[in-house]
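In: sequence first, predicted model second:
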Amino acid sequence: MTILLLLGVSFIAAAILGFVGDRKFAPEINIVCSLATFVISMALAIQVYYDGSFMAGRKFFFIDAFNVYLVVLTSFVSTTTAVFSRRYMRREREHGRVGHWGMRFYHAMFQLFIFAMFLCLLTNNIGVLWIAMELATLSTVLLVSLYKTPTAIEAAWKYFILCGVGIAQALFGTVLLYFAAEKVLGEGGDALLWTNLSQVSGQLEPTVLQLAFVFLMVGYGTKVGLVPLHNWLPDAHSEGPTPISAVLSGLLLNIALYALVRCKVLVDGSLGTNLAGNIMMGFGILSILVSAFSLLRQKDIKRMFAYSSIEHMGIATFAFGLGGPIATFGALLHMLVHSLTKSSIFFTVGHAAQMHDTQEMSRIRGLIRGNPLVGWGLVLGVMAIVGMPPFGVFTSEFLILTATMKDAPLLTPFLLLGLGVAFAALFRRVQPMVAGHRPPYQHLLKVAHVPVVLHMVLVLVIGLYMPNFLSQWFHMAVELLK
Amino acid sequence: MPISFAAQLNSVLAALILLTAFGLLAQRRIYGLLHLFAWQGLFLSISTAVVGYAAGQHHLYISSILTLALKVIVLPYILHVLIIRLKIQKEVETLVNIPATMLMGIALVIFSYHLTSPIRELSTLVTRSTIAVALATVMLGLLMMITRKHAVTQIIGFLAMENGLFFAATSATYGMPLVVELGVALDILIAAFIFGIFFFHIRTTFDSLDVEQMARLKEED
């Protein structure tokens, strides 16, 4: 019931916003609907916290500790993004970067995108998971090209084609998985249900699952943005409107990783080895190193933070691949804190770019004097994202590092190198942007305070003192992913 | 119709699907591509119906009708309208090295046979021999998307890939559950509207549908 309400609210919101269009109160409707999904998702989370995982709608939906925390995170970040986008998009509209139809489209697609992500997380059927993932891609393609500049169209085309090709591989992987499942579970929709599959994973044919995982890894790995399948990501995340960059980096990457981890559990259960985990570790380390060195060469601020997202998804993928209770706990926490921090960074970056009418870092100067919230927000956000204590990212990266030293000591230097280079690259760029005098071309503008402050406080609290229910939740999820 | 005859008929249809996939790889005229794509969809639809009959899987008839409607009628019609409105009926793509591309395609077919051999051994279905063809169709679609530079051609490659995936589902497992197949069809339909919008955007921004011109987003040194 709660599940249908959650999906229903976001879907109906999309329809209403498509109808309301460019009217004055459209952003407010967007905020209220997102807030409603947040409240419903909290109710769902409390239900899972007390009663444990459950299925609903004739086993079509499945909720456990792993996906419910992502549901809460998704609804929370989408709410704060809706708050941020109210002022941000209004200014873009006033400056003529988006038209009447653009605004209508923007709001409707934003909610449809949230709906697709909820469906991805809540469904029990791995076929439907694929469909929802494709829907999430399709609903954001035209948002990336919203400004209709040549670079935006190029970025969106690349996103459409590369993710389309990638996700087609994942469908082939799903067909193979179904082929293996059918032998054990018999024909029909039940053979694609994750709960059924995970029960019989030991009986699934290993050779088929091995082959299936290669396709699933390439498919969902493209969506996670793992190197060398990452080409679309920096373009798509930097050319679209900033609220979209925030949800793409903060939420969609998490969802794709979620799909990959669900598949990994099945494959390793069947093989009885850590093959899938090892493949994920390889992709993870490669992503961390390549993106860390790419960070050094960036000139566009949003592009730089897009590369930073690749790095962090690499860390989480690596940790899930490593397995074991500490690494998995670290990976779950990392998904949470990265999402909060990165979306907060994008909020400040969006304001900074509007203040200077450019995304070029060499033209963004004197942010602290121009607007203390934007300046300090960016400084603290970057401190958090590079893993400085006392923020939550430090905790998760520390856990992952400890687990690496214990289980795969030879990989520790590579991990540290990646983290070190990323640290140096980000600070070198951010320091001149925030310090110093205001340049003459800087505008002063009203900014949305609440989202940035809320996200940073949460990341700080998680870093200093993890609430009991959160660690309890993660422990439950770790048990599930063993 | 005895089962062995149905299996043979299905193999012939699989061969025809593969043939159209190679045809797509070499065809230079936009309109020719559209015809080939529609033919591929038709073979796919007949093959699905034949498998449905031979295996007694009646839900495959629905899939077959779905394919017929979507891949033979709706999508080619949408593309046809787009081509007329973009006025690119007579456009001919300059392709270099068709023989080399064809050789690569053949290598991909052999690779697909190699890759799917464990599945063929495990399968007991009448369609098991066509799994490799299905994967090959996916791979050829991918190759087409890599080697071609025209936006419409890339989309046809993408849809041909989708055909291959559908064929794979039919030959490996007698089709996915209906809810999944309907969902995939819906996604393709949404994608069709999106690329339709895109063609016009690309055309107005870049003055042509050649995606080679889109090369502004690069890593600068």
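Out: Alright, I've got the coordinates.

In: got a list of contacts for stretch B:195-214?
Out: A:142, A:145, A:148-150, A:153-154, A:156-158, A:160, B:78, B:82, B:86, B:88, B:149-152, B:154-155 (C-beta atoms under 8 Å, 6 or more residues apart in numbering or on different chains). Glycine gets a C-beta too; all of them are placed from N, C-alpha and C.

In: ditto for stretch A:80-87
Out: By C-beta under 8 Å, 6+ apart, the list of residues contacting stretch A:80-87 reads A:27-28, A:30-31, A:34, A:110, A:241, A:243, A:246-247, A:250, A:343, A:347, A:350, A:446-448, A:450-451, A:454-455.

In: inside strands: which ones of those?
Out: The strands, defined by DSSP state E, take in nothing from the contacts of stretch A:80-87.

In: quick check: mean pLDDT across stretch A:124-142?
Out: The pLDDT scores in stretch A:124-142 average 93.

In: for ChimeraX, what selects the buried ones among the contacts of stretch A:80-87?
Out: Selecting only the buried entries of the contacts of stretch A:80-87 in ChimeraX, with 16 or more other C-beta atoms under 10 Å in any protein chain shown as the criterion:
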select /A:27,30,31,34,110,241,243,246,247,250,343,347,350,447,448,451,454,455
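
In: near chain B too, which of the contacts of stretch A:80-87?
Out: Residues of the contacts of stretch A:80-87 in contact with chain B (C-beta under 8 Å from any C-beta of the partner chain): none.

In: could you check the pLDDT of the residue nearest the centre of chain B?
Out: With distances taken as C-alpha atoms, centre = their mean, the residue of chain B nearest its centroid is B:Ala160 (1.4 Å). B:Ala160 carries a pLDDT value of 94.

In: wasn't A:Met55 part of a strand?
Out: Yes - counting by DSSP: H, G, I helix; E, B strand; the rest coil, one finds A:Met55 located in a strand.

In: can you tell me the closest non-neighbouring residue to the residue nearest to the centre of chain B?
Out: B:Gly141 (4.0 Å; C-beta to C-beta, 6 or more residues apart in numbering or on different chains).

In: how about the least confident helix or strand in chain B by mean pLDDT: buried residues?
Out: In chain B, the helix or strand scored least confidently by mean pLDDT, DSSP states H and E is helix B:117-122, which has a mean of 84. For helix B:117-122, burial by neighbour count (16+ other C-beta under 10 Å) applies to B:119-120.

In: is that helix anywhere near chain A?
Out: Yes - applying C-beta under 8 Å from any C-beta, one finds helix B:117-122 touching chain A at B:118-119, B:122.

In: of those residues, which is the nearest to chain A?
Out: B:Pro118 (4.4 Å; C-beta to the nearest C-beta).

In: and the pLDDT for the spatially closest residue to that closest one that is not a sequence neighbour?
Out: Leaving out its chain neighbours, the residue that sits closest to B:Pro118 by C-beta to C-beta, 6+ apart is A:Thr207, at 4.4 Å. A:Thr207 is assigned 88 on the pLDDT scale.

In: and the host helix or strand of A:Leu460, how far out from the chain's middle?
Out: Using DSSP states H and E, A:Leu460 sits in helix A:449-464. Mean-position distance between helix A:449-464 and its chain equals 17 Å (C-alpha atoms, centre = their mean, to the nearest Å).

In: and the helix or strand following that helix, which residues are buried?
Out: Scanning forward in sequence from helix A:449-464 by DSSP H and E, the next helix or strand is helix A:468-480. Going by neighbour count (16+ other C-beta under 10 Å), the buried part of helix A:468-480 is A:473-474, A:476-478.

In: with stretch A:285-294 instead?
Out: A:285-292, A:294.

In: now stretch A:345-356: mean pLDDT?
Out: 93.

In: tell me the contacts of the residue nearest to B:Ala160?
Out: By C-beta under 8 Å, 6+ apart, the contact set of B:Gly141 is B:21, B:24, B:157-164.

In: and those residues as CSV, adding secondary structure?
Out: Output for the contacts of B:Gly141, formatted as CSV (three-state DSSP):
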residue, secondary structure
B:Ala21, helix
B:Leu24, helix
B:Gly157, helix
B:Phe158, helix
B:Leu159, helix
B:Ala160, helix
B:Met161, helix
B:Glu162, helix
B:Asn163, helix
B:Gly164, helix
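
In: what sits against the residue most central in space within chain A?
Out: Centroid-nearest residue in chain A: A:Leu251, 2.8 Å away (criterion: C-alpha atoms, centre = their mean). Contacts for A:Leu251 (C-beta under 8 Å, 6+ apart) come out as A:73-74, A:77-78, A:117, A:339, A:343.

In: swap the cut-off to 10 Å and go again
Out: A:70, A:73-78, A:81, A:113-114, A:117, A:136, A:339, A:342-343 (C-beta atoms under 10 Å, 6 or more residues apart in numbering or on different chains).

In: and the helix ranked longest in chain B, how far out from the chain's middle?
Out: As assigned by DSSP state H, the longest helix anywhere in chain B is helix B:178-206. Counting by C-alpha atoms, centre = their mean, helix B:178-206 is centred 15 Å from the centre of its parent chain.
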